[in-house]
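> Below are the sequence and a predicted model for it; my questions follow.
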Amino acid sequence: MGRFGGGTNNSSFNGRTTNWQKVKRIKARVAKKRSGAKSKHLDTAVEGVSGKRTGKSQRKSQRKERLRQKEQQNLESGMDVDGEKKPAKNLAKALKKTGSGKKIVRKMMSKSEGEVDAMTDSSMEQLIQAFLETFRGLGTRGKPQPAEHTTLAGVVVKFDDMYALDETLLGGSYVFVAMATGTRCIPAASRCPKGSTVHDGHAEVLARRVFNRWLLEEIENCRNGERSLIFLKDGDRPPCLRDGVSFELLISALPCGDASIVEQQGRKRGRTGAKVVPCDGPARLPEAGDVESQDCSQARGVVRRKPGKGSPTSSVSCSDKILKWNLLGFQGCLMLPFIQEPLYFSKIIALTSDEYGTPGNVDTAASRSMQRALWERGCNLKECLEGSIFVRQTSPRFTAISVNAAVLEEHGLVASSTRKVSPGISSMWWAKASKDWKSKRLDYISHIPKGDKNYCEVIVGKTGVKMGFQKSATDPPVCSKACSRISRASMRDLVQQMYDSRDETLNSGIISHDELKLSVCPEYMEVWNKLRQPGSTLSNW
């Protein structure tokens with residue numbers, strides 16, 4: 001009747017369950033679960049026989065289909081069946097998801113009145129996603145902090161479908177080569193006379209300048225007989241742009257100045273982002289006390305200075321500078337002697353918050369404002385361009401796309417209740433030389449190295465020098481280590497190195513920046529002076 005050596009009994013005592021009974025109950029529960037799972041599996045298998053695939057078989061079928069499509073593409077392009085080596089990490093994977101999984105662009109409007117981009121719905125969607133994903137993947141250096149917001153601009157090189165060079169698979173691709181952030185400018189009183197500091201730290205200006213620096217190095221490689229995917233060597237003449245290559249500018253907001261004066265349904269929308277110019281009275285230079293109010297009446301089509309609450313700057317607004325690029329080319333004066341013709345942006349795309357429109361739709365009012373401020377107000381200046389090399393054969397395209405404000409806030413590209421201040425720094429990223437690019441069969445590519453300090457630079461907005469260096473107020477000239485690679489002094493040194501060493505005027509190093517431009521390309525300076533003649537749109541530059 002008792003227990004033997006501490007073993008289990010076949011009954012219970014005092015209402016207590018013995019160990020063997022507990023084990024029996026556990027086994028019964030496990031067997032019941034297994035039976036239910038087996039029944040469910042059998043039901044699923046029956047459904048699969050009736051035409052519904054199981055998850056495992058469906059994934060296997062999808063993999064086979066993808067491999068078949070890849071093989072077909074490789075055979076059509078004349079490649080081996082295995083094709084190109086797939087990179088471990090690329091932008092195509094990032095495009096499958098965007099941050100928190102939100103769709104940035106869902107629907108596009110049709111082309112109308114020559115303002116809306118002619119790109120298809122999917123291509124525009126993917127271009128904007130690639131623009132933001134490329135910025136996201138550049139690391140944390142120089143990025144806005146959680147309480148800050150900034151403006152982002154990027155330059156993309158588009159290779160048309162017919163582009164072909166050796167075995168390079170870039171036809172139909174968009175390649176990001178330069179990006180920049182920034183909203184600060186140094187005061188006019190702090191400008192360095194030798195050009196050692198960066199005066200204008202807005203994103204659009206920095207992106208264009210770092211892109212020009214990259215192009216100068218591309219030109220030098222082409223002149224030395226090295227491989228360049230952008231330029232083509234043409235005997236004794238300067239290099240020319242390859243067929244099928246074009247450039248586009250993307251901005252996370254409307255350019256400050258005239259392009260930000262958006263009128264929708266007869267009322268003003270938002271602020272200009274530049275110093276106020278009243279409708280009544282002559283245009284004048286801004287003063288320290290000038291602050292734009294929400295309901296102030298702004299004159300349209302005039303030159304403005306950059307915004308700021310402190311000491312005024314002498315830098316004009318981004319709208320005015322982009323208008324100049326559309327007339328004379330974004331390459332500027334120093335690069336023009338090294339190429340056969342000016343370089344222009346074929347498209348300029350800006351992102352706007354969905355406060356005034358549905359996310360994914362074209363912001364028609366903002367697109368018209370860009371068309372007016374960045375191109376149409378310069379139409380009366382085209383007489384000054386007649387007979388010169390600055391006559392454009394095609395007009396640029398301008399498009400403003402409404403984007404979900406939460407997506408912009410996630411990237412730190414819009415002001416909000418949590419992002420109230422702008423950072424005091426400006427950042428730049430640029431790509432490797434095209435001779436080092438590897439062939440990729442992707443639609444959207446970024447050749448900007450991630451986390452590489454050799455391809456990134458951060459400058460302080462109030463001093464215009466690289467972060468980590470100080471600019472003494474009593475000693476305006478800056479040491480070479482603190483000088484940015486896109487400052488006037490650095491660009492001038494690069495241009496002088498590219499010229500023949502026998503040219504003593506350019507290598508003397510004692511002439512000013514304006515004298516250098518006049519010596520390098522007098523035709524450019526002559527046309528530029530005509531555009532600023534009294535009574536013209538740019539007379540107050």
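Received the coordinates, thanks.
> Arg207 sits in which helix or strand?
Arg isn't right for residue 207; it's Ala. Using DSSP states H and E, Ala207 maps to helix 203-223.
> Buried ones in that helix, by neighbour count?
Buried residues in helix 203-223, counted by 16 or more other CB atoms under 10 Å: 203-222. C-beta: built from backbone N, CA, C; applies to glycine.
> And for stretch 416-430?
Neighbour counts over stretch 416-430 (16+ other CB under 10 Å) mark Arg419, Ser422, Pro423, Ile425, Ser426, Ser427, Met428, Trp429, Trp430 as buried.
> With stretch 241-248 instead?
Buried-residue list, stretch 241-248, by 16+ other CB under 10 Å: Leu241, Arg242, Gly244, Val245, Ser246, Phe247, Glu248.
> gap between the two ends of that stretch?
This stretch, stretch 241-248, spans 15 Å end to end (CA to CA, to the nearest Å).
> can you redo the buried residues of stretch 241-248 as TSV with pLDDT?
Supplementary listing: the buried residues of stretch 241-248 in TSV, determined by pLDDT from 0 to 100:
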residue	pLDDT
Leu241	93
Arg242	90
Gly244	88
Val245	92
Ser246	93
Phe247	96
Glu248	96
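> Tabulate the residues you listed (CSV), appending secondary structure and distance to Val155.
Listed next are the buried residues of stretch 241-248 as CSV, based on DSSP: H, G, I helix; E, B strand; the rest coil; distance: CB to CB, whole Å:
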residue, secondary structure, distance to Val155
Leu241, strand, 15
Arg242, coil, 17
Gly244, coil, 17
Val245, strand, 13
Ser246, strand, 11
Phe247, strand, 6
Glu248, strand, 7
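> and of those residues, the nearest to Glu148?
Taking CB to CB as the measure, Glu148 lies nearest Glu248 of the buried residues of stretch 241-248, at 27.1 Å.
> quick one: that closest one and Tyr344 touch, right?
No - applying CB atoms under 8 Å, one finds Glu248 not in contact with Tyr344, separated by 10.5 Å.
> shared neighbours, these two?
Shared contacts of Glu248 and Tyr344 (CB atoms under 8 Å, 6 or more residues apart in numbering): none.
> in this protein, which helix or strand is least confident?
helix 91-94 (a mean of 47; mean pLDDT, DSSP states H and E).
> Please enumerate the helices of this protein.
Here the chain has its helices, by DSSP state H, at 19-49, 55-76, 91-94, 121-136, 203-223, 318-328, 332-335, 364-374, 405-410, 488-498, 504-507, 513-520, 522-531.
> Identify all contacting residues around the last one.
When you say that, I think you mean helix 522-531. Taking CB under 8 Å, 6+ apart as the criterion, the residues outside helix 522-531 that touch it are 324, 327-328, 333, 336, 381, 384-385, 388-390, 517-518, 538.
> Out of the helices of the chain, name the one with the poorest average pLDDT.
Here the lowest mean pLDDT among the helices of the chain goes to helix 91-94, at a mean of 47.
> now Ala178: how far from Trp214?
Going from Ala178 to Trp214 by CB to CB, to the nearest Å gives 6 Å.
> Show me the common contact partners of the two, please.
Each of Trp430, Ala431 lies in contact with both Ala178 and Trp214 under the rule CB under 8 Å, 6+ apart.
> now the end-to-end length of stretch 302-314.
End-to-end span of stretch 302-314 (CA to CA): 15 Å.
> Which one of the buried residues of stretch 241-248 is nearest to Gly195?
Phe247 (25.3 Å).
> distance of the closest one from Asp160?
For Phe247, the distance to Asp160 - CB to CB - is 12 Å.
> Now for these two: what residues contact both?
When contacts are counted by CB under 8 Å, 6+ apart, Phe247 and Asp160 have no shared neighbour.
> if I pick Glu226, what's in contact with it?
Going by CB under 8 Å, 6+ apart, Glu226 touches Lys435.
> pLDDT score for it?
90.
> Phi, psi for it please.
Per-residue torsions, Glu226: phi -90, psi 170 (degrees, to the nearest 10).
> Give the bridge partners for the nearest residue to Cys456 once chain neighbours are set aside, please.
Distances taken as CB to CB, 6 or more residues apart in numbering place Trp429 nearest to Cys456, at 5.1 Å, with adjacent residues excluded. Beta-bridge pairing of Trp429 under DSSP bridges involves Met179, Cys456.
> I'd assumed Thr181 was in contact with Trp429.
No - counting by CB under 8 Å, Trp429 does not reach Thr181; the two are 9.2 Å apart.
> Number of residues surrounding His199?
Residue neighbour count, defined by other CB atoms under 10 Å, stands at 20 for His199.
> Pretty sure it sits against Arg191.
Yes - counting by CB under 8 Å, His199 does reach Arg191; the two are 5.6 Å apart.
> List the residues that are in contact with both of those two.
Shared contacts of His199 and Arg191 (CB under 8 Å, 6+ apart): Ser314.
> check contacts around the nearest residue to Arg397 once chain neighbours are set aside.
Leaving aside its sequence neighbours, Arg397 sits nearest to Lys347 (CB to CB, 6+ apart; 4.4 Å). Applying CB under 8 Å, 6+ apart to Lys347 gives the contacts Asp117, Glu248, Leu249, Pro396, Arg397, Phe398, Thr399.
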